[in-house]
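1. could you look at this predicted model? Sequence included:
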Amino acid sequence: MATIWRVLTRRGFVIPQPHKRPKNSWRRFQAELPNECWQADTTHWALADRSDVEILNIIDDHSRWLVASRAFVTAKAADVVETFYQGATEAGLPASLLTDNGAIFTAESRRGSCAIELELLALGVDYKHSRPYHPQTCGKIERFHQTLKKWLAKQPRANTVRDLQAQLDRFRTYYNTNRPHRALGRRTPTQAFTARTKATPRRARITVPAEHRVRRDRIDHTGKVTLRYRSKLVHLGIGRRYAGTRVMLLIADRDVRAINDNGELLAQFNIDPTKQYQTQKRPGQHT
């Protein structure tokens, strides 16, 4: 074979190929501080009746701390925002978020901005996306999916999304506080997450007021939703054409935005505490 190879090479039938990049040339990235970078992604799982559901996971790049793990029939753009805020309530805001280019994470291919992009921009959180067809960039969250599914496979198959969520909640406690992680020197993610000062957003941001929350509702037949603001009920007129639409309300003190499950902004309000019925905020109107 060696002789044949030499003859073919001399006659120009063998085209030299560049050597593969040696493994020792790869540089493994890890954030220096907790909350310096979060990674988020969705993965699929099957319930007992074989119906497909999605799990949205967020982990901290530095400590592998599981920020959030939530089950949905189908994860939507609004679910990403809600899950992000739930994680930030417990862990604090990250300096950056890394995801792939899925439709619930970016609307760049549609020449627009989706819900999470707008929220991170307002909060001063850097948003990064992996290169298309390059899952290695989000390698930690991809590897975490494997760990989670290996654990789920040993549990009784969940009958409903609610049952699956209960399993995810148990796993999150076990994973964060009891399971030693080889990449962390056999420490648990909680030990690594709490061992160092946490990073915070570096860019200028909108100050998030004390009264900041997220809630879901359905627009009634008159085109309104009702919100309790400072112990009083106020009615937000979104529009009759949206009657029956499920919305998520992003409430930051007097500023309230209503977005649908696709992350589209339906209406924005500047709450007037002296009025029971609120009209939509006009373009250019200041808080």
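-> Happy to help now that I have it.
2. which residues of the stretch 151-287 of the chain fall in helices?
-> When assigned using DSSP state H, counting those that start in this stretch, the helices of the stretch 151-287 of the chain occupy the ranges 161-177, 189-194.
3. highest average neighbour count across those helices?
-> helix 189-194 (a mean of 19; mean count of other Cβ atoms under 10 Å). Glycine gets a C-beta too; all of them are placed from N, C-alpha and C.
4. how is this protein partitioned into domains?
-> 38-194, 212-278 (automatic domain parsing).
5. endpoints of the longest one, how far apart?
-> Yep, that's domain 38-194 we're talking about. End-to-end distance for domain 38-194: 15 Å, by Cα to Cα, to the nearest Å.
6. check the offset of that domain from the chain's centre.
-> Centre-to-centre, domain 38-194 and its host chain are 6 Å apart (Cα atoms, centre = their mean, to the nearest Å).
7. picking that back up, dump the domains of the chain into CSV; add mean pLDDT and distance to Phe13 as well.
-> Formatted as CSV, the domains of the chain follow (pLDDT from 0 to 100; distance: least, Cβ to Cβ, whole Å):
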stretch, mean pLDDT, distance to Phe13
domain 38-194, 88, 32
domain 212-278, 87, 56
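8. which one of these is the most hemmed in?
-> The most buried one of the domains of the chain (mean count of other Cβ under 10 Å) is domain 38-194, showing a mean of 18.
9. which outside residues touch stretch 144-155?
-> With contact meaning Cβ atoms under 8 Å, 6 or more residues apart in numbering, stretch 144-155 is reached by 41, 43, 45, 55, 57, 59, 64, 66, 69, 167-168, 171, 174-175.
10. before we move on, back to that, which of the helices of the stretch 151-287 of the chain sits closest to Val225?
-> helix 161-177 (24.0 Å; Cβ to Cβ).
11. tell me which other helices or strands the closest one touches.
-> Where contact means 3 or more Cβ pairs under 8 Å, 6 or more residues apart in numbering; DSSP states H and E, helix 161-177 is packed against strand 52-60, strand 66-72, helix 139-152, helix 189-194.
12. who are the packing partners of the first one?
-> It stands for strand 52-60. strand 38-46, strand 66-72, helix 77-91, helix 139-152, helix 161-177.
13. out of those, nearest to Leu236?
-> Ranking the helices and strands packed on strand 52-60 by proximity to Leu236 (Cβ to Cβ) places helix 77-91 first, at 16.5 Å.
14. make sure Asp52 is actually in contact with His44.
-> Yes. Counting by Cβ atoms under 8 Å, Asp52 touches His44, with 5.7 Å between them.
15. contact partners for Val125?
-> Leu93, Pro94, Ala95, Ser96, Leu97, Pro201, Arg203, Arg205.
16. what's the spacing between the fifth one and Gln86?
-> In this view, Leu97 and Gln86 are 14 Å apart by Cβ to Cβ, to the nearest Å.
17. still on that earlier bit, who wins for proximity to Gly239 among the helices and strands packed on helix 161-177?
-> strand 66-72 (26.3 Å).
18. can you list the strands that the closest one pairs with?
-> Under the criterion DSSP bridges, strand 66-72 sits next to strand 52-60 (antiparallel) in its sheet.
19. what angle separates the partner strand from helix 139-152?
-> 130 degrees (axes from the mean of the first three to the mean of the last three Cα atoms, to 10 degrees).
20. the chain should start at 270 in everything you say after this.
-> New numbering, starting at 270: the last item is strand 321-329.
21. of all the helices and strands packed on strand 321-329, which lies closest to Asn539?
-> helix 346-360 (20.2 Å).
22. same for the closest one, what does it pack against?
-> strand 307-315, strand 321-329, strand 335-341, helix 384-392, strand 481-487, strand 515-521, strand 524-529.
23. same list, those, but as JSON lines with distance to Thr466 please.
-> Listed next are the helices and strands packed on helix 346-360 as JSON lines, based on distance: least, Cβ to Cβ, whole Å:
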{"stretch": "strand 307-315", "distance to Thr466": "17"}
{"stretch": "strand 321-329", "distance to Thr466": "14"}
{"stretch": "strand 335-341", "distance to Thr466": "17"}
{"stretch": "helix 384-392", "distance to Thr466": "19"}
{"stretch": "strand 481-487", "distance to Thr466": "23"}
{"stretch": "strand 515-521", "distance to Thr466": "26"}
{"stretch": "strand 524-529", "distance to Thr466": "31"}
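24. what's the closest of those to Glu351?
-> strand 481-487 (5.3 Å).
25. what helices and strands are in contact with that closest one?
-> helix 346-360, strand 493-498, strand 515-521.
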